[in-house]
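Student: return a 3D structure for these sequence lines:
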Amino acid sequence: MTASDRIPDAPEGPAAGKRGRGRPRRRTEAEVLDAAAAVLAESGAAAVSIRKVADRLGTAPMTIYTSFPGRDALVDALAAHLMSRHNTAPDAALPLEERVRDWMARYRDALVTTRLHELLATGASVAPLLDVAARWTAQLTALGLSPADAAAATRQLVWAVHGFCAAEAGNLAAQTDRTADALLRVPEEHRAAAAAYLADLRAAPDFAAEFARTADAHARAIAAFAARHRIGG
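Tutor: Numbering: from 1, shown residues only. Predicted coordinates for the structure are as follows:
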């Protein structure tokens, strides 16, 4: 056999995802979602796109479209994929106040470490969050609250965590040079107050301590709310 007759070695790296001169290999949904999660973690929600994910996989965008017809479908699936990596169910074995504190800490960690809170702000499906809300509502109903009161209490808990995560994201944004341009778009009469607000954000508050106080306040409030609204209580 001459050198020209030899079978070439299999390609390595990004090129390995393509079948010679034919169509690129179709990627599994798990591969696509893992790549999308990496893009989100490294570059933020605005960077998550079919093309960016394809580039990450070293393949053509058409291989992504076979599983996800567009960015919206990809983002919705990514939200569910990220939530599945974390245990965000309230621990029914814990006393109610401790349960609230424990859950708020775990839920915040899931949103922040995956940057899922940024993705949700760009329009990702809320379906993964509905499962969390349903679990809380069921547990509070089991304690004797009416479905309406249980849903109201759940809403306050979910909003509290999301609001805090949004504040953390805002703090990070305030550290960038882009805020100088943003200040120029604030009416001149309010610019000094806006600058003072940015300076306060840049002071980088201790978010862990602030969140612990927030969780403690909500834990006490939910326990008191439950005590007042339990059937026969």
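Student: isn't residue 114 up against residue 82?
Tutor: Yes: shown here, residue 114 and residue 82 form a contact pair, counting by CB atoms under 8 Å, at 4.4 Å. C-beta coordinates here come from the backbone N, C-alpha and C atoms, glycine included.
Student: tell me, what's touching these two both at once?
Tutor: Taking CB atoms under 8 Å, 6 or more residues apart in numbering as the contact criterion, the common neighbours of residue 114 and residue 82 are 37, 40.
Student: these two: which has the busier surroundings?
Tutor: Between residue 114 and residue 82, residue 82 has the larger neighbour count (other CB atoms under 10 Å), namely 23 against 20.
Student: how close does that one get to residue 115?
Tutor: Distance, residue 82 to residue 115, by CB to CB, to the nearest Å: 9 Å.
Student: what helix or strand is the nearest residue to residue 44 once chain neighbours are set aside on?
Tutor: Counting by CB to CB, 6 or more residues apart in numbering, the nearest residue to residue 44 once its immediate chain neighbours are dropped is residue 118, at 5.8 Å. Element membership for residue 118, per DSSP states H and E: helix 116-121.
Student: for that helix, name the packing helices and strands.
Tutor: In terms of contacts (3 or more CB pairs under 8 Å, 6 or more residues apart in numbering; DSSP states H and E), helix 116-121 is packed against helix 29-43, helix 71-84, helix 96-114, helix 147-174.
Student: what residues sit buried inside stretch 102-109?
Tutor: By 16 or more other CB atoms under 10 Å, the buried positions in stretch 102-109 come out as 103, 104, 106, 107, 108.
Student: wait, doesn't the last one sit right on residue 164?
Tutor: It refers to residue 108. Yes: in this structure, residue 108 is within contact of residue 164 by CB under 8 Å, at 6.5 Å.
Student: so what sits against both of these two?
Tutor: residue 211.
Student: circling back: what does the helix holding residue 118 rub up against?
Tutor: The contact list for helix 116-121 (CB under 8 Å, 6+ apart) reads 40, 44-45, 48, 75, 78-79, 82-83, 110-111, 124, 126, 129, 162, 165-166, 169.
Student: pull the CA atoms of that helix into CSV?
Tutor: Only the C-alpha atoms of helix 116-121 are listed here, as CSV (Å, rounded to 0.1, in the frame of the first residue of the first chain):
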residue,chain,number,x,y,z
LEU,A,116,-30.5,31.5,34.8
HIS,A,117,-31.9,34.7,36.3
GLU,A,118,-30.4,36.6,33.4
LEU,A,119,-32.0,34.1,30.9
LEU,A,120,-35.4,34.4,32.5
ALA,A,121,-35.2,38.2,32.1
